[in-house]
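Student: Predicted coordinates and the sequence they were generated for:
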Number of protein chains: 2
Amino acid sequence: MSGVILVIEDEKDLVAALEYNLEREGYQTRSALTGRAGLELAEAEPAPDAVLLDLMLPDISGIEVCRQLRASKRTQQVPVLMLTAKGEEIDRVVGFEVGADDYVVKPFSVRELMLRVRALLRRQQRDEADGNEVAFGRLRLDSGGHRAWVDDQEAVLTALEFRLLTTLLLRRGRVQTRERLLQDVWGIEADVTTRTVDTHVKRLRQKLGGAGEYIETLRGVGYRFRESPAGAGA
Amino acid sequence: MSGVILVIEDEKDLVAALEYNLEREGYQTRSALTGRAGLELAEAEPAPDAVLLDLMLPDISGIEVCRQLRASKRTQQVPVLMLTAKGEEIDRVVGFEVGADDYVVKPFSVRELMLRVRALLRRQQRDEADGNEVAFGRLRLDSGGHRAWVDDQEAVLTALEFRLLTTLLLRRGRVQTRERLLQDVWGIEADVTTRTVDTHVKRLRQKLGGAGEYIETLRGVGYRFRESPAGAGA
DNA sequence: CAGGGCCTGTCACCGGAATGTCACTCTGCG
DNA sequence: CGCAGAGTGACATTCCGGTGACAGGCCCTG
């Protein structure tokens, strides 16, 4: 499971080194040399899965950047790892206060940083997995418990079906091509000829009964989860 | 729902950060830099609703503090969340055995900690409503005495089995992947190929007899302790 | 120090659930 | 009407988890 890491840091050499190492670990990276640029990138698509944030930036302080990240709905949940120079230890407290998730004191070992990043993402994933219930019309999902209900009647789904449903629901309103689904749900490199997706959509609809209608077929394109529960959708 | 949280931790910075964040979440805080002072505060009025306890304290070890908290009638029921440094992992096991309710490994994310605290208090409330014995359907546990009964018939469990059962029960309703269990019960970095978890679940079920059904298998995902004792219901 | 029993992890085998494929049918659209 | 793409049921295969057996390690005991 990889992810997108945003690096906000004004020392170019360090940025280069971090990007190199992160990419070698399989992450994608974005980087910004100033706080402002960083905030902009953080709002951009795709949203980063984690942010490495220097405390000392040329324009806005890292603290402020962090505060703003926490203020924005879009980036509120993104874990932030602070990079602080030695002697700025007091700031560590402040860092925690603003909601940083972890910090590393410069000079740090890249190896350690990589471990921290991985831990951060794992933690994030776990919190999401523990996460609460999502309701959509007659449908209700509990991601932590891996359960689904339609009209308060439990629908017993297999692991794959649950993943498929989650993926569709998460991206409701946007079409998912079979190719995309194969890649994201199955983790397979796309083979467009296969009917696998169709079959599983069928099974899913069957198990969901009435709520199966939320999954719409777009002929020649793919599948789409309805934007809103009521009526024929948005 | 607010409450009083007692922080026992000798790093002043960390204490400050924790207090700040806890108060921002609406909790009241008390803090102590040593185990002795902590125990004193724990007995004081008003009794804390939860304790954050560092494992490594200058005077008494966190383990001992926890033991004493459990020994005192007044603080017996107060949930304890252990803060352990990396590498003290072995102690984590001991922590559970002494009756800690949860633990977090340093360095931890403050956000994560806040979530845990909230979860702890929620659970506490629920358990109090249940009456304070750890009972679940036909199953009854004495976490201090390390004993388990099914229909008033004692089931003799090994330390590992007991820990596994406790972990599952504590997180009832939520799926635990084998990976997660290996990490939390065994303290091993995950090796997904191993069948160890399966074997122990088998043994546990066997020993629990009828109550073994409380442990559900989710094919392709992991294990889940039933949410409520009766039926398969929600 | 040897012996024995318990705890624990690994292995191989097996049955059944989950999944993928196929062939056929159905539908929408030109 | 014909075609392409989607729905569907049946079937084959794969994969996962349950299980029993076994071996190493540890502790207790004599």
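Tutor: Right, received. Where do you want to start?
Student: quick one, what contacts the closest residue in space to residue A:141 that isn't next to it in sequence?
Tutor: Counting by Cβ to Cβ, 6 or more residues apart in numbering or on different chains, residue A:134 is the residue found nearest to residue A:141 once chain neighbours are left out, at 4.8 Å. C-beta: built from backbone N, CA, C; applies to glycine. Shown in contact with residue A:134 (Cβ atoms under 8 Å, 6 or more residues apart in numbering or on different chains): A:140, A:141, A:143, A:169.
Student: In three-state terms, label the first one for me.
Tutor: Taking DSSP: H, G, I helix; E, B strand; the rest coil as the rule, one finds residue A:140 in the strand state.
Student: ok, now the last one?
Tutor: Three-state secondary structure (criterion: three-state DSSP) places residue A:169 in helix.
Student: nearest residue to it other than its sequence neighbours?
Tutor: residue A:225 is the one closest to residue A:169 (Cβ to Cβ, 6+ apart), at 5.4 Å.
Student: same deal with the first one?
Tutor: Nearest residue to residue A:140, sequence neighbours excluded (Cβ to Cβ, 6+ apart): residue A:149, at 4.4 Å.
Student: returning to that earlier point: of the contacts of residue A:134, which is the most crowded?
Tutor: residue A:141 (22 neighbours; other Cβ atoms under 10 Å in any protein chain shown).
Student: how about the residue nearest the centre of chain A, what does it touch?
Tutor: The centroid of chain A falls nearest to residue A:49 when counting by Cα atoms, centre = their mean (5.2 Å). Contacts for residue A:49 (Cβ under 8 Å, 6+ apart) come out as A:3, A:4, A:5, A:78, A:79, A:121, A:124.
Student: what do you get for residue A:43?
Tutor: Residue A:43 sits in contact with A:72, A:74, A:75, where contact means Cβ under 8 Å, 6+ apart.
Student: tell me the mean pLDDT over the helix ranked longest in chain A?
Tutor: Longest helix of chain A, by residue count under DSSP state H: helix A:110-130. Helix A:110-130 shows a mean pLDDT of 77.
Student: And for stretch A:25-43?
Tutor: Rounded mean pLDDT across stretch A:25-43 is 92.
Student: Check which residues of it are buried.
Tutor: A:27, A:29-36, A:38-39, A:41-42 (16 or more other Cβ atoms under 10 Å in any protein chain shown).
Student: Farthest pair within those?
Tutor: A:27 and A:36 (23.4 Å; Cβ to Cβ).
Student: Endpoints of stretch A:16-31, how far apart?
Tutor: 9 Å (Cα to Cα, to the nearest Å).
Student: Check stretch A:167-174 too.
Tutor: 11 Å.
Student: Most neighbours out of the contacts of residue A:49, which is it?
Tutor: Most surrounded of the contacts of residue A:49: other Cβ under 10 Å gives residue A:5, at 24 neighbours.
Student: How about the contacts made by residue A:59?
Tutor: Contacts of residue A:59 by Cβ under 8 Å, 6+ apart are A:34, A:35, A:36.
Student: Redo the residues you listed as a markdown table? Include distance to DNA strand C and secondary structure.
Tutor: Shown next, in a markdown table, are the contacts of residue A:59 (distance: Cβ to the nearest atom of the strand, whole Å; DSSP: H, G, I helix; E, B strand; the rest coil):
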| residue | distance to DNA strand C | secondary structure |
| --- | --- | --- |
| A:34 | 46 | coil |
| A:35 | 45 | helix |
| A:36 | 45 | helix |
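Student: out of these, who's nearest chain B?
Tutor: Of all the contacts of residue A:59, chain B sits closest to residue A:35, with 21.0 Å by Cβ to the nearest Cβ.
Student: correct me, but the closest one touches residue A:66?
Tutor: No. Assessed by Cβ atoms under 8 Å, residue A:35 is found out of contact with residue A:66, at 9.6 Å.
Student: Let me see the ranges of the strands in chain A.
Tutor: Along chain A, counting by DSSP state E, strands occupy A:4-8, A:28-32, A:50-54, A:80-85, A:102-106, A:133-136, A:139-142, A:147-150, A:153-155, A:176-177, A:215-218, A:222-225.
Student: Output the contacts of residue A:59 in TSV; the columns should cover distance to DNA strand D.
Tutor: Output for the contacts of residue A:59, formatted as TSV (distance: Cβ to the nearest atom of the strand, whole Å):
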residue	distance to DNA strand D
A:34	46
A:35	45
A:36	44
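Student: of all the residues you listed, which comes closest to residue B:192?
Tutor: residue A:35 (40.1 Å).
Student: count of neighbours near the nearest residue in space to the closest one that is not next to it in sequence?
Tutor: The shortest distance from residue A:35 to any non-neighbouring residue, by Cβ to Cβ, 6+ apart, is to residue A:60 (3.4 Å). Residue A:60 has 17 neighbours, counted by other Cβ under 10 Å.
Student: if I pick residue A:60, what's in contact with it?
Tutor: So residue A:60 contacts A:34, A:35, A:36, A:39 (Cβ under 8 Å, 6+ apart).
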